[in-house]
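*Asks:* just to be clear, the model below is a prediction. Sequence and coordinates:
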Amino acid sequence: MQKKYIALALVLAIIISCFTGCASQTEDNRTVTAVSTTAKEKDNSTFKLSYTQADSLDPFKAKTQNNQVLASLVFESLFDIDENYEPINNIATGYEFTDSKTLRVDIDTNLKFSDGSSIDTQDVVFSINAAKKSPAYGSALGIIDSAYANGNSVIIDLNYPNPYAVNLLTFPISSVDDDSDGYPIGNGRYAYKTENEKTVLKATTINGFDPYIATISLVNIAAADSIDNAVNIGNISFAFRDMSTDTSKRLSCAKKAVNMNNLVFLGVNSYSGITANAKIRQAISLAVDRQLLCESAYSGYASKASSIFNPAFKAAGEINLFSENADTSMAKQTVNLSEIDSKSLSLNILTNSNENKVACANLIKTQLEAAGFAVSIDKVSTNEYKRRIKNGEFDLYIGEIKITDDMCLYPFFSTKGGGRYGINLKKLKCDDLYNQYLSGEVELGKFVLAFNEEMPYIPLLYKKGMICYTKALKGDMQGYYGNYFVNIDSWSFTP
């Protein structure tokens, strides 16, 4: 029993010593607990991004991809779009279509800009109007007719119905005013500041943001090849590449593919020649091996087009129009149904000198020849390529169009659309059905069936972009197109 008392006394003594060891006595004998804290480690010099000094840092005036990428750190948007093209509330707390052409967006007016001023609906209206005129966002926002404030909401009037118009509200929201140094003001995680007579990005404290990377240095690098080299050797830490050329072969840094909505397609001349026959257009689509195009022509940085819409677009559901591999046998049968004489099965593919498109054209040539076509390729300068497409001087051409995030197909079905060339809109049914689908008059399936029957153009694949970063940067890179730095607060550098 005595041993138990002794043991208990020892335990009590240890506990008391622990508490007294963490305390100090003041002159008036009051006990003050000393709290040991360690400040979170910060980095103010290692992380570097490229920018274009000659271009504006105003998100509505910036023309370069460099400065547009920076904007995603400085500004937040009404909504973010996730990798399934679903809208996520950001500055907006929600939205409602009050009718097919009127969208009400509710604003969180408790949020602050980086200078401490409140975000109000007038800032949102200002940003909408500025974005409509901007190089980066203007072409996508042609659907917006006007916007005005209504209490804590903004009412957006649309030029035509589109149930996915909210997906376009991802442009920056900027204060009406600039800061005292002339920088535009956002409510993003970083803000433009001048430090040692240079422009940098400094982490803000709004919304509890507390990253390891407290300061981001900006390095003036405008040329694409120079950016690739700079991230390879570590002169910059991170970059987004849109794969306008096959950058992947030149990069030795860490890389991550990201989905984009850039559709690569076969434009088809439906006015003249054998491609005026819908069965021939169907046969061409059947003969194409989309998976091989992704893996070979685009080095894996592409997703095959399984339907009219991006395969990542969740709202379209599981619509599979196109096989990922060539169906040569079915292509030959469809050619026979066209009643075109086998001696007339001659096609020409037009392309510019872009290395991915040339590789694509060569593969399609082989695939079409396997289905019984005689195929030639015309590789021409970009100016000649544009001229011939505009004048309808082609059978087929390898085209690329950036589809907006609302999945609008008006580039193909509008008389002013960039993909309209070769499409005989007067004879189509699917374009009218597309309009009826947008307005809610018909189901999506009816439009899809009409498209498959008429095949006005042939979707091939959706090109991917790339996030590339120095191998010294550690952390789970969760960024995606348009939200490249989504979890930058968890990034750090290898010691």
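*Replies:* That came through fine. Numbering: from 1, shown residues only.
*Asks:* the helices in the protein, which residues?
*Replies:* Using DSSP state H, the helices of the chain run over 2-21, 65-74, 121-132, 224-233, 278-287, 290-292, 328-338, 355-370, 382-390, 410-413, 430-438, 444-454.
*Asks:* adding distance to residue 202 and mean pLDDT, write those helices out as TSV.
*Replies:* Where C-beta positions appear, they are placed from N, C-alpha and C, glycine not excepted. Listed next are the helices of the chain as TSV, based on distance: least, Cβ to Cβ, whole Å; pLDDT from 0 to 100:
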stretch	distance to residue 202	mean pLDDT
helix 2-21	40	38
helix 65-74	10	95
helix 121-132	21	97
helix 224-233	22	89
helix 278-287	52	97
helix 290-292	46	97
helix 328-338	59	97
helix 355-370	39	97
helix 382-390	41	97
helix 410-413	40	95
helix 430-438	44	92
helix 444-454	47	93
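*Asks:* same list (the ones you listed) but as TSV, adding mean neighbour count.
*Replies:* Converted to TSV, the helices of the chain look like this (neighbours: other Cβ atoms under 10 Å):
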stretch	mean neighbour count
helix 2-21	9
helix 65-74	22
helix 121-132	21
helix 224-233	17
helix 278-287	23
helix 290-292	19
helix 328-338	16
helix 355-370	19
helix 382-390	14
helix 410-413	23
helix 430-438	20
helix 444-454	17
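*Asks:* mind checking which of the ones you listed is nearest residue 478?
*Replies:* helix 65-74 (13.5 Å; Cβ to Cβ).
*Asks:* check which helices and strands that closest one sits against.
*Replies:* With contacts defined as 3 or more Cβ pairs under 8 Å, 6 or more residues apart in numbering; DSSP states H and E, helix 65-74 has these neighbours: strand 48-51, strand 190-195, strand 198-203, strand 238-241.
*Asks:* let's see 7 Å
*Replies:* strand 48-51, strand 190-195 (3 or more Cβ pairs under 7 Å, 6 or more residues apart in numbering; DSSP states H and E).
*Asks:* okay, residue 81 and residue 157: tell me how far apart.
*Replies:* Distance of residue 81 to residue 157, given as Cβ to Cβ, to the nearest Å: 22 Å.
*Asks:* so those two - more neighbours on which side?
*Replies:* Each of residue 81 and residue 157 has its neighbours counted (other Cβ atoms under 10 Å); residue 81 has more, 23 against 14.
*Asks:* is the more buried one in a bridge, and if so with what?
*Replies:* Beta bridges link residue 81 to residue 87 when assigned by DSSP bridges.
*Asks:* repeat for residue 148
*Replies:* Listed by DSSP bridges, the beta-bridge partners for residue 148 are residue 155.
*Asks:* can you report how many residues lie near it?
*Replies:* Using other Cβ under 10 Å, residue 148 has 13 other residues around it.
*Asks:* now it: how far from residue 104?
*Replies:* Residue 148 is 11 Å from residue 104, by Cβ to Cβ.
*Asks:* now the common contact residues for those two.
*Replies:* residue 155 (Cβ atoms under 7 Å, 6 or more residues apart in numbering).
*Asks:* still on that earlier bit, closest to residue 484 out of the helices of the chain?
*Replies:* Set against residue 484 and scored by Cβ to Cβ, the helices of the chain come closest in helix 65-74, at 5.9 Å.
*Asks:* got the CA coordinates for the closest one in CSV?
*Replies:* Presented in CSV, the C-alpha positions along helix 65-74 are these (Å, rounded to 0.1, in the frame of the first residue of the first chain):
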residue,chain,number,x,y,z
GLN,A,65,-1.7,34.5,-71.7
ASN,A,66,1.1,35.4,-69.2
ASN,A,67,-0.8,38.2,-67.6
GLN,A,68,-4.2,36.5,-67.9
VAL,A,69,-2.9,33.6,-65.8
LEU,A,70,-1.7,36.0,-63.1
ALA,A,71,-5.2,37.4,-62.9
SER,A,72,-6.5,34.2,-61.4
LEU,A,73,-4.3,34.9,-58.3
VAL,A,74,-5.4,38.5,-57.9
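*Asks:* right, and residue 105 touches residue 92 too?
*Replies:* Yes. Contact criterion Cβ atoms under 7 Å: residue 105 and residue 92 qualify, at 5.0 Å.
*Asks:* show me which strand runs longest in this structure.
*Replies:* Scanning the chain for the strand with the most residues, using DSSP state E, yields strand 254-268.
*Asks:* buried sites along it?
*Replies:* 254-255, 257-268 (16 or more other Cβ atoms under 10 Å).
*Asks:* comparing residue 105 and residue 92, which residue is more hemmed in?
*Replies:* residue 105 (25 against 22).
*Asks:* so what sits opposite that one in the bridge?
*Replies:* Applying DSSP bridges, one finds that residue 105 bridges with residue 95, residue 154.
*Asks:* tell me the contacts of it?
*Replies:* 78, 92, 95, 153-154, 156, 169.
*Asks:* most neighbours, which of these?
*Replies:* residue 169 (29 neighbours).
*Asks:* against residue 141, how distant is that one?
*Replies:* As for residue 169, its distance to residue 141 is 9 Å (criterion: Cβ to Cβ).
*Asks:* which neighbours do residue 105 and residue 92 have in common?
*Replies:* Residues touching both residue 105 and residue 92 (Cβ under 7 Å, 6+ apart): residue 78.
*Asks:* dump the helices and strands packed on helix 65-74 into TSV; add mean neighbour count and distance to residue 181 as well.
*Replies:* Shown next, in TSV, are these (neighbours: other Cβ atoms under 10 Å; distance: least, Cβ to Cβ, whole Å):
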stretch	mean neighbour count	distance to residue 181
strand 48-51	23	16
strand 190-195	18	6
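*Asks:* can I get those strands in CSV including mean pLDDT and distance to residue 411?
*Replies:* Converted to CSV, the helices and strands packed on helix 65-74 look like this (pLDDT from 0 to 100; distance: least, Cβ to Cβ, whole Å):
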stretch, mean pLDDT, distance to residue 411
strand 48-51, 96, 30
strand 190-195, 96, 34
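*Asks:* compare those strands and give me the one nearest residue 494.
*Replies:* strand 48-51 (15.5 Å).
*Asks:* what is the closest one packed up against?
*Replies:* Checking 3+ Cβ pairs under 7 Å, 6+ apart, strand 48-51 ends up next to helix 65-74, strand 215-220.
*Asks:* apply 8 Å and report the result again.
*Replies:* By 3+ Cβ pairs under 8 Å, 6+ apart, strand 48-51 packs against helix 65-74, strand 215-220, strand 238-241.
*Asks:* can I get the ones you listed in CSV with distance to residue 119?
*Replies:* Shown next, in CSV, are the helices and strands packed on strand 48-51 (distance: least, Cβ to Cβ, whole Å):
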stretch, distance to residue 119
helix 65-74, 14
strand 215-220, 23
strand 238-241, 26
